[in-house]
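In: Quick one: sequence plus predicted model below, questions after.
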Amino acid sequence: MKIKKMLNKKMPTNLSTQTKPTWCPGCFNFQILAGVKKVLEEEIAKGKKKEDFAIVTGIGCHGKIFDYLNLNGINTLHGRVLPACLGIKIGNPNLSVLGFAGDGDAYAEGIEHLIHAARYNSDLKYIVHNNQIFALTVGQPTPTTELEFKDKTTPLGVKILPLNPIKLMLASGASFVARVFADVKQIENVLKKALKHKGFAFIEVLQPCLIFHPDISYKSKIYSLEKTGHNKTNFEQAWKKAEEFNYCLKEKTKIPTGIFYQKERETFEEKFPQLQNLKKKGIGWKDIRR
Ligand SMILES: Cc1ncc(C[n+]2csc(CCOP(=O)(O)OP(=O)(O)O)c2C)c(N)n1
Ligand SMILES: [Mg+2]
């Protein structure tokens with residue numbers, strides 16, 4: 001009787017793998033991994049199956065998360081996380097698809113996909129590990145590196161104002177736009193809401209790179225939008241909040257975190273009846289080919 005009770009009780013599924021992480025000790029990627037794992041393990045404990053999820057990662061330090069999460073997916077080409085996510089979603093719209101990209105991946109090589117993913121509003125969750133640097137290739141500036149940052153490839157310092165991805169996402173029609181600091185609790189909180197959101201959810205994670213972009217003063221500069229009574233359905237308010245941080249850290253900089261904007265609208269999948277049929281039947285691409 002006792003054993004039966006134990007078997008009936010849903011145990012949280014462990015999404016860990018045997019692979020030993022090769023991230024630097026103390027890397028903020030560990031925080032992202034822990035937050036994502038916790039949320040997905042909870043989803044599985046509540047009744048979802050491991051097979052209901054698919055992950056896609058890019059190339060870079062962030063991309064190693066693929067090896068540390070025991071889930072199906074693709075470790076794709078640099079900059080091509082979103083097309084791979086969309087392909088998986090079209091193939092099987094019943095899957096919950098999560099993409100992980102670096103800032104180089106998302107805002108340099110893959111920027112064109114990001115704009116269209118926001119427009120399409122496919123039901124994908126996209127997490128950008130923004131350490132403001134191409135970390136795996138040892139620290140060259142990306143489109144969100146701050147002014148005057150110097151490295152061997154840019155000895156005179158960055159002279160071009162960084163891209164503001166929050167504004168880009170708002171302007172491109174994203175239905176869920178958020179930013180968090182790389183802290184387990186913040187990631188958990190926003191990812192849970194993103195999973196409930198029907199449509200494209202963009203989550204930028206501000207993440208110091210301890211080796212090539214080690215400024216950790218973010219932590220003292222961030223504040224929670226939720227606590228200021230921010231109205232996330234108000235586009236103008238979201239835009240104003242997005243303008244507060246231009247990705248250059250100064251003494252008085254304040255960085256808003258949390259959900260800037262959320263408004264559901266028809267998804268990419270809803271626009272296509274053939275995808276709706278697949279969804280109802282609960283089948284994937286293998287079944288269509290038969
Ligand atoms: C098409 C292509 N261009 C360049 C590279 C070289 N490359 C590998 S990792 C990397 C840096 C990745 O930076 P980012 O996406 O920010 O990830 P991070 O390492 O910072 O997590 C680059 C440029 C590549 N693998 N493929
Ligand atoms: Mg990076």
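Out: Structure's in. What do you need? Ligands and ions are numbered 1, 2, ... in the order given.
In: what does the stretch 101-250 of the chain put close to ligand 2?
Out: Counting by CB under 5 Å from the ion, the residues of the stretch 101-250 of the chain lying close to ligand 2 are 102, 103, 104, 131, 135. Backbone N, C-alpha and C define where each C-beta goes, glycine included.
In: Need these in CSV (columns: neighbour count, pLDDT and distance to ligand 1).
Out: Formatted as CSV, these follow (neighbours: other CB atoms under 10 Å; pLDDT from 0 to 100; distance: CB to the nearest ligand atom, whole Å):
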residue, neighbour count, pLDDT, distance to ligand 1
102, 31, 98, 2
103, 30, 98, 4
104, 30, 98, 3
131, 30, 98, 5
135, 27, 98, 3
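In: out of those residues, which are inside helices?
Out: 103, 104 (DSSP state H).
In: Find the nearest non-adjacent residue to residue 30, please.
Out: Using CB to CB, 6 or more residues apart in numbering and skipping residues adjacent in sequence, the residue nearest residue 30 is residue 23, 6.4 Å away.
In: So the one you found: helix, strand or coil?
Out: Residue 23 carries the three-state label coil when classified by DSSP: H, G, I helix; E, B strand; the rest coil.
In: can you check residue 88 too?
Out: Under three-state DSSP, residue 88 comes out as helix.
In: and the gap between it and residue 21?
Out: According to CB to CB, to the nearest Å, residue 88 stands 25 Å off from residue 21.
In: picking that back up, tell me the phi and psi of the residue nearest to residue 30?
Out: phi -70, psi 150 (degrees, to the nearest 10).
In: where exactly do the helices run in the stretch 151-290 of the chain?
Out: For the stretch 151-290 of the chain, the helices defined by DSSP state H, counting those that start in this stretch occupy 165-171, 184-196, 218-221, 235-242, 273-281, 285-289.
In: ok, back up a step: and residue 88 and residue 21? which has more neighbours close in?
Out: residue 88 (22 against 15; other CB atoms under 10 Å).
In: For the residue most central in space within the chain, give me its contacts.
Out: Nearest residue to the geometric centre of the chain (CA atoms, centre = their mean): residue 127, 0.6 Å. Each residue near residue 127 by CB atoms under 8 Å, 6 or more residues apart in numbering is listed here: 32, 36, 98, 99, 100, 101, 191, 203, 205.
In: burial measure for the first one, as a count.
Out: Right, residue 32. 24.
In: In the stretch 1-150 of the chain, which residue sits nearest ligand 2?
Out: residue 102 (3.8 Å; CB to the ion).
In: Surely that residue and residue 135 touch.
Out: Yes: between residue 102 and residue 135 there is a contact at 7.1 Å, judged by CB atoms under 8 Å.
In: list residues touching both of those two?
Out: Common contacts of residue 102 and residue 135 (CB under 8 Å, 6+ apart): 60, 61.
In: so how far does stretch 142-157 reach from one end to the other?
Out: Start-to-end span of stretch 142-157 (CA to CA, to the nearest Å) is 12 Å.
In: Can you pull out the residues in contact with that stretch?
Out: 102-104, 107-108, 111, 130, 132-134, 139-141, 158-163, 165, 212-213, 247-249.
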